[in-house]
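>>> just the structure for this:
(one chain, ligands or ions: 1)
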Amino acid sequence: MSKSFLEVDGLSKVYPDGQGNEFTVFEDIRFSLEKGEFVCIIGHSGCGKSTILNVLAGLDEASSGNLVMSGKEVIGPSLDRGVVFQNYSLLPWKTTLNNIVFAVRARWPSWSKEKVREHSERYLKMVGLDHALDRKPSQLSGGMRQRVSIARAFATQPELLLLDEPFGALDALTRGVIQDELVKIWEETRQTVFMITHDVDEAILLSDRIFLMSNGPNARIAESVKVDVPHPRSRATIFQNPAYHKTRDYLVDFLVNRSGAALPEDDGSPKFVEPAKGMAKPAPTPTEESAAKAVNA
Ligand SMILES: Nc1ncnc2c1ncn2[C@@H]1O[C@H](COP(=O)(O)OP(=O)(O)OP(=O)(O)O)[C@@H](O)[C@H]1O
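Take a look at the predicted model:
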């Protein structure tokens, strides 16, 4: 059987609850990613999204389970996995360009100075920052800093890019502009991305698939939702596609009505659903009996 690029098998995270008992944040998390896929994960606060991302990054350890990328077990952090957090972590004493150069040089130590510079500039151009190469982070807006962080992460071409709510701290207008830039840079590079977001529209704009997590404790990745909207996508036109609305309705219904009790398949893998082909799980129509119970409750 052919293996996927990334295989996550039976991951769980358990903390002591401070009263001598254990608290299971999530359990039996199973999923796979294919090379070049963009997958977002959505779930209510506290279900364990950041913990899963940190485990993928090698910055945290799972209590149990396996993680295999390109046939090799993932242990500890590596340049093969790049991370962008909500709060940009640029080196304040270096210019925009040199923040990228620093990372590119670490990734390819044998490259010439010219090649490193040309490569770094190309990625800054992709996020519209070629006019700000010589500015220090303190001379950039929050949105510009986050664009540098994204350019830096893509420029080092990690096998897997992990984005933890990268736009969470930005205002809605800036967020929209950078979402379009992220679409553009991903269209050009087609890197494999795993991203956390709380924004349903952002997830649909960016993803090939969206993982839906049930609420914690004992959270699971219950569903894998296909986003059947052709690439290239743009914020300005995506809402014209009927698949966008069907997918959106499906996600909102999950988050509002179903995330408390949603379960994956019996083998632990997420249920695969394609909302564009019709609501895979319509809300149950109330029967006379259930309606009477609801009225009398
Ligand atoms: N060091 C720790 N000790 C005990 N519990 C922890 C620790 N770190 C995280 N947790 C708990 O693990 C759970 C998952 O946290 P995590 O940050 O992964 O959730 P999340 O889904 O990313 O949340 P949010 O959407 O709010 O960012 C939370 O209930 C949190 O309180």
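>>> low-confidence ranges, the chain, go.
Within the chain, the stretches with pLDDT under 70 are 1-2, 88, 279-297.
>>> alongside the ligand, which residues does it contribute?
Taking Cβ under 6 Å from any ligand atom as the measure of proximity, the chain contacts the ligand at Tyr15, Val25, Gly43, Ser45, Gly46, Cys47, Gly48, Lys49, Ser50, Thr51. In this view, the C-beta of every residue, glycine as well, is placed from N, C-alpha and C.
>>> so who does the last one touch?
When contacts are counted by Cβ atoms under 8 Å, 6 or more residues apart in numbering, Thr51 is found next to Lys13, Val25, Phe26, Asp60.
>>> helix, strand or coil for the most centrally placed residue in the chain?
Central residue of the chain (Cα atoms, centre = their mean): Met195, 0.9 Å from the mean position. Secondary structure state of Met195, per DSSP: H, G, I helix; E, B strand; the rest coil, is strand.
>>> how near is it to the ligand?
The span separating Met195 from the ligand equals 12 Å under the rule Cβ to the nearest ligand atom, to the nearest Å.
>>> that residue touches Gly168, doesn't it?
No - contact status for Met195 versus Gly168: not in contact, 11.2 Å apart, counting by Cβ atoms under 8 Å.
>>> find the closest residue to the ligand in the stretch 101-250 of the chain.
Nearest to the ligand in the stretch 101-250 of the chain, going by Cβ to the nearest ligand atom, is Gly216, at a distance of 6.0 Å.
>>> what separates Pro242 from Ala276, distance-wise?
From Pro242 over to Ala276 the distance is 8 Å, taken as Cβ to Cβ, to the nearest Å.
>>> these two: which is more packed in?
More crowded of Pro242 and Ala276, by other Cβ atoms under 10 Å: Ala276, with 18 against 11.
>>> so the more buried one touches Val225, yeah?
No - with contact defined as Cβ under 8 Å, Ala276 does not reach Val225; the gap is 9.7 Å.
>>> which neighbours do the two share?
With contacts defined as Cβ under 8 Å, 6+ apart, the residues shared by Ala276 and Val225 are Thr247.
>>> residues in contact with the residue lying closest to Val8 once chain neighbours are set aside?
Once flanking residues are discounted, Val8 sits nearest to Phe31: 5.2 Å by Cβ to Cβ, 6 or more residues apart in numbering. With contacts defined as Cβ under 8 Å, 6+ apart, the neighbours of Phe31 are Val8, Phe211, Ile221, Ser224, Ser269, Pro270.
>>> try Met144
The neighbourhood of Met144, defined by Cβ under 8 Å, 6+ apart, consists of Leu129, Ala132.
>>> helix, strand, or coil at it?
Three-state call for Met144 (three-state DSSP): helix.
>>> okay, buried residues for stretch 80-99 please.
Going by neighbour count (16 or more other Cβ atoms under 10 Å), the buried part of stretch 80-99 is 80-86, 88, 90, 95-99.
>>> need the helices for the stretch 51-200 of the chain, in chain order.
Per DSSP state H, counting those that start in this stretch, the stretch 51-200 of the chain carries helices over the ranges 96-107, 113-126, 142-155, 172-189, 200-206.
>>> any idea which of these gets closest to Val55?
Relative to Val55, the nearest member of the helices of the stretch 51-200 of the chain by Cβ to Cβ is helix 142-155, separated by 18.3 Å.
>>> chain center to the closest one: distance?
16 Å (Cα atoms, centre = their mean, to the nearest Å).
>>> good, wrapping up.
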